[in-house]
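>>> sequence and predicted model, in that order:
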Amino acid sequence: MLRSNRNLFIVALVALVNMLGYGIIIPILYAYSKKFGLTDFQNGLLFALFSICQFISTPIIGRLSDKYGRRPLLISSIIGTAGSFFLMAYAPNVIFLFLARALDGLTAGNIPVAFAVISDTTKPEDRARAFGIIGAAFSFGFVFGPAIAALTVGFGQTVPFIIAGIITTIAALLAFLYLPETNKHMNEVRHGKLFDLPKLWHTLFDPNVGATFMITLIFMLAFSCAIIYGFQPFTMNILKVTQSQNAMLFTMFGVVGLITQTFLVARVSKKFGIKRAFSSSLIFISISFMIMYFSRTLPAFILASLILAFSNSIAQTLISTILSQEADAKSQGSIMGLNASYQSLGMISGPIIGGAVATIAIPLPFLLGSFFIIICFLLSLRILRPGIKKESAF
């Protein structure tokens, strides 16, 4: 498919280098921001700022790409991401650090545009496979990004950010040189609300998909509270690992996740059933967070990380599968779009809550994350219930 569809090949490369850049900076962002004197709560706001800006920009960039074309929006948003990495590397004070994260979030809407390119250039029957290729590119980027950070941070704290900026600039150059415009329906935009917050609220009570949407929201809140934010303060302040070792822990997490998604999720869900596999994975995630909360040695923490990487990959993969089975065929696009919105809201609130409770005790984000995942488990008992579907709002 990559040989026959050059656009897919270019978008896969763009996705790979995009995630490389993201994977490079995430494992070292906490330690880097501490040199600016940020408290744990302020650090939580820094982590959440990206998701806030992404939540705002994603529908706007998507709408603009429908009106003005995929190519200019994709290129400009990638350039903005590259600029944010360079701004972070050379930030003279904390204001510029926050501006860099805001710029990265505001230009992070390029992923939906990349998906739109795939929809423009592939047949419906080939799209699942094409999206799988993009997903693999993301996974590879998150595996090798932290590894690059681990190998380069010893040369200076700003070096990984500069490398991330260079890599992302290469992605923009690839798109500029080789990606044609794929939108054949420019200026045929249907007008509608960019942000329909009442709909987000009401769909939580939809009889078919409401419980799964609630799981998505709470799950991403828990994950971003405990891992996106809580992971680094704990490893660096409690376990006393170096920035390089911290980045390698993220690499290990990515490798296990990639293996699980590629080889194990289908087998596990087939053997135990989707609902049972999903609910069981939530239990293991909650247990892994509890082990992290109590661990005071690196081997115990690594064991918990391995359990988490395996069970998290199953849970996050099956959420989309469950939603696709709960919704009717004509509503799939709307359902996945709403699911992405709930993910963003969870990733906004999670780091803020994690930063707040970390000011009380650094391990608390793990305990809170475990509690939230138990709520997800209880909600999972309500999904995929047998019987005739009630009328849905979609």
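Arrived safely. Numbering: from 1, shown residues only.

>>> helices of the stretch 251-394 of the chain, start to end?
Along the stretch 251-394 of the chain, the segments classed as helices by DSSP state H, counting those that start in this stretch run 265-272, 274-294, 298-326, 332-358, 364-380.

>>> with respect to S84, which of these lies nearest?
Ranking those by proximity to S84 (CB to CB) places helix 332-358 first, at 17.1 Å. Every residue, glycine included, has its C-beta placed from N, CA and C.

>>> and the closest one, which residues are buried?
In terms of neighbour count (16 or more other CB atoms under 10 Å), helix 332-358 has its buried residues at 335, 338-358.

>>> give the contact list for L38.
By CB atoms under 8 Å, 6 or more residues apart in numbering, the contact set of L38 is 46, 94.

>>> how close does it get to N93?
From L38 across to N93, the span is 11 Å (CB to CB, to the nearest Å).

>>> pop the domain breakdown of this protein in here.
Using automatic domain parsing, the domain ranges for the chain come out as 1-178, 197-386.

>>> quick check: which ranges of the stretch 51-200 of the chain have low pLDDT?
Low-confidence segments of the stretch 51-200 of the chain, defined by pLDDT under 70: 109-110, 112, 115, 124-129, 131-132, 135, 185, 187-196.

>>> on that earlier part again, between the helices of the stretch 251-394 of the chain, which one is closest to I79.
Distance to I79, taken as CB to CB, is lowest for helix 332-358 among those, at 22.4 Å.

>>> quick one: mean pLDDT over that closest one.
The predicted model gives helix 332-358 an average pLDDT of 85.

>>> tell me which residues touch V209, please.
Listed by CB under 8 Å, 6+ apart, the contact partners of V209 are 203, 323, 326-327, 335, 392.

>>> how about the residues you listed in a markdown table, adding distance to Q232?
Shown next, in a markdown table, are those (distance: CB to CB, whole Å):
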| residue | distance to Q232 |
| --- | --- |
| T203 | 33 |
| L323 | 31 |
| E326 | 35 |
| A327 | 36 |
| I335 | 33 |
| S392 | 41 |
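
>>> of those, closest to F294?
In terms of CB to CB, no member of these lies closer to F294 than L323, at 33.8 Å.

>>> how much space is there between that closest one and N208?
From L323 to N208 the distance is 9 Å (CB to CB).

>>> name all residues that make contact with the closest residue to S380 other than its chain neighbours.
In space, and not counting its chain neighbours, S380 is closest to S279: 4.4 Å by CB to CB, 6 or more residues apart in numbering. Contacts for S279 (CB under 8 Å, 6+ apart) come out as 377, 380-381.

>>> check the gap between S279 and Q243 for me.
Distance from S279 to Q243, counting by CB to CB: 37 Å.

>>> swap in A304?
Taken as CB to CB, the span from A304 to Q243 is 20 Å.

>>> again, but for S84
For S84, the distance to Q243 (CB to CB) stands at 20 Å.

>>> S320 now?
33 Å.

>>> of those two, give the one with the bigger neighbour count.
Q243 (21 against 14; other CB atoms under 10 Å).
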